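Enquirer: sequence unavailable; structure follows:
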DNA sequence: TAGGAGTGCGCG
DNA sequence: AAAGCGCGCACTCCTA
């Protein structure tokens, strides 16, 4: 028998009982997935003893506000982001102190599995209980009375997360993941708020940029057609145009062109035009090179940032409400979809097209040199630490040391660029091969460039042995333990390849091949293990800053909204009269969060106040 | 015709 | 399979 409440009086009556609970499960059933359009039909709340299903069409949930908004009783939800947004849009209630069993599971299994985090999967995994989610869809477009089956289904969705949490807690403790889990659970509200708040796009300006790209694309295409015309098949009946978006067609066309105009042999063509990657195109010694690059730049704008992008402007709110995946990357980073607001062209009019509302301002704040500072902290390298403490330019210092020449942002720029390439590349486990591509000189042979790169790497690690020790240590630990950890304690598991056994193989050849393959896989893990503590700590830091910024907005009752985050950057929109104050607050929270992880040097936060998103 | 794999490229 | 980490999206090409 389900406790089904249909009046506000009945809801009022359960409050005293709920207030006595140490923990509460919460869930909703909605008519759809869009919080701005769809309705909450049922709200379920309770613990393992008592569960209440409330008909939110006939009863007000206002009496529950103190419980939901209060921090005293934690609310357990599976995928809290979803319910938070619906409860906010339908009832104007913003839940606090949420525990999200989906995020907890993702933290616990990070690197072990990529999907299967639904309630159904978890009930199977933890209890071998098969539950049906069929009833869920019965609420779409639902009207009128509910069946007993629907109510029973609704009630169970309060119980399941509570039971799952009981299983997860001992695992979390054993794996020492408390900090990460707490962080992620606190951050849910910040991400849900960001999605709910949305961001305003100056669509007229955006459309103008697309039109310009359209023109540029057509112009480039015309010029390309002229060049390729005579090498295209079907000449007899006129020119059959090449689809320059097709790597196959483009590659074949380029091969015909170079064969004819540069007298390349078949073998040369295969070597020099194996694909149509940027790297390959750049190496072509023919005016067609620049045209292709130009075409692609425009094509990218027209496609990725084109029409498909504008369809994400919400009809009702007029804003773009992206979908943040709080644990989108195994490193702990956030990813963003529909649309992806983390790959908007930087330093361009595209970014500037994201604007603050009327009478409002946009604050763009980011950690400068975040990952290098984390490397400095973890390695305790004396030069890195001193440079960051003195406010010096690390790339210049590193270049000066390595090349034994004076290097500044103006003097010997090319050496600074090389050092920058190393500084960043090494954080990803880059080798000499990769480095030679970055710092390579076209006038030298590949072989010479490789030698040069090897010498540079060698010199680098001789100058900064502590950096080498730190990175090698991370790689070794990853392979030895089977996981990496960030400074926030986040774990990322690796599936280690088994050692091949000779008797499992038919021949020496396949045996050696298997060994080679294993080494390759280990190499990949080592590179990930070098990078994960760095990238992941940066993610920890930014997430914690977001939690605190949201808290400050709430506590100070600021007219400000979290809008976006791009890995080491946070964007906030606020009333213009409090822009200065808000900007200082954002800086302060980010700095404070930086100090939690980086103790030896300051976390340098750049922030600006504009009418639009910057950088 | 929908969906997966492959390629290329935008961001940090 | 890969020798540079982490993403998402558009497009082509091919298959079920």
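Expert: It's in. Since the structure is predicted, the reported quantities are computational estimates derived from the model, not experimental observations. Residues are numbered from 1 along each chain as shown, chains lettered A, B, ... in the order given.

Enquirer: in stretch A:395-407, what counts as buried?
Expert: Within stretch A:395-407, the residues that count as buried by 16 or more other Cβ atoms under 10 Å are A:395, A:396, A:397, A:398, A:399, A:400, A:401, A:402, A:403, A:407. Heads up, the C-betas are built off the backbone N, CA and C, glycines and all.

Enquirer: mind listing which of those residues are in helices?
Expert: A:395, A:396, A:397, A:398, A:399, A:400, A:401, A:402, A:403 (DSSP state H).

Enquirer: DNA strand C: which of those residues is nearest?
Expert: Nearest to DNA strand C among those is residue A:395, at 13.4 Å by Cβ to the nearest atom of the strand.

Enquirer: residues contacting that closest one?
Expert: A:416, A:419, A:420, A:423 (Cβ atoms under 8 Å, 6 or more residues apart in numbering).

Enquirer: rerun that using 10 Å as the cut-off
Expert: A:369, A:372, A:387, A:407-409, A:415-424 (Cβ atoms under 10 Å, 6 or more residues apart in numbering).

Enquirer: quick one, helices of the stretch 1-150 of chain A?
Expert: Along the stretch 1-150 of chain A, counting by DSSP state H, counting those that start in this stretch, helices occupy A:8-19, A:65-69, A:80-91, A:101-108, A:119-127, A:134-137, A:148-174.

Enquirer: okay, the angle between the fourth one and helix A:119-127?
Expert: Counting by axes from the mean of the first three to the mean of the last three Cα atoms, to 10 degrees, helix A:101-108 points 60 degrees away from the direction of helix A:119-127.

Enquirer: next one: helix A:101-108 to chain centre, how far?
Expert: 17 Å (Cα atoms, centre = their mean, to the nearest Å).

Enquirer: in the stretch 101-250 of chain A, what residue is nearest DNA strand B?
Expert: As assessed by Cβ to the nearest atom of the strand, DNA strand B sits closest to residue A:247 within the stretch 101-250 of chain A, at 3.9 Å.

Enquirer: re earlier: which of the contacts of residue A:395 are buried? Put it as a PyMOL command.
Expert: To isolate the buried members of the contacts of residue A:395 in PyMOL, using 16+ other Cβ under 10 Å:
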select buried, chain A and resi 369+372+387+407+415+416+418+419+420+421+422+423
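
Enquirer: list just the nearest of the contacts of residue A:395 to DNA strand B.
Expert: Distance ranking of the contacts of residue A:395 against DNA strand B, using Cβ to the nearest atom of the strand, places residue A:424 first at 9.0 Å.

Enquirer: for that closest one, which three-state class applies?
Expert: Per DSSP: H, G, I helix; E, B strand; the rest coil, the secondary structure class of residue A:424 is helix.

Enquirer: may I have the residues that are in contact with it?
Expert: Residue A:424 neighbours (Cβ under 10 Å, 6+ apart): A:371, A:372, A:395, A:430, A:438.

Enquirer: give me the buried positions along the helix or strand hosting residue A:581.
Expert: Using DSSP states H and E, residue A:581 sits in helix A:579-597. The neighbour-count check on helix A:579-597 (16+ other Cβ under 10 Å) flags A:579, A:582-583, A:585-587, A:589-591, A:593-594, A:596-597 as buried.

Enquirer: now, among those, which is nearest to residue A:569?
Expert: When the buried residues of helix A:579-597 are ranked by distance to residue A:569 (Cβ to Cβ), residue A:590 comes first, at 9.6 Å.

Enquirer: my guess is that closest one meets residue A:364, correct?
Expert: No. Using Cβ atoms under 10 Å, residue A:590 is not in contact with residue A:364; the gap is 11.7 Å.

Enquirer: please enumerate the shared neighbours of these two.
Expert: Common neighbours of residue A:590 and residue A:364 (Cβ under 10 Å, 6+ apart) are A:569, A:570, A:606, A:607.

Enquirer: quick one, phi/psi of the first one?
Expert: By that I understand residue A:569. Residue A:569 has phi and psi values of phi -140, psi 140 when expressed as degrees, to the nearest 10.

Enquirer: how close does the spatially closest residue to it that is not a sequence neighbour sit to residue A:608?
Expert: Excluding the flanking residues, the one nearest residue A:569 by Cβ to Cβ, 6 or more residues apart in numbering is residue A:366, at 3.8 Å. Going from residue A:366 to residue A:608 by Cβ to Cβ, to the nearest Å gives 10 Å.

Enquirer: right, I'll leave it there.
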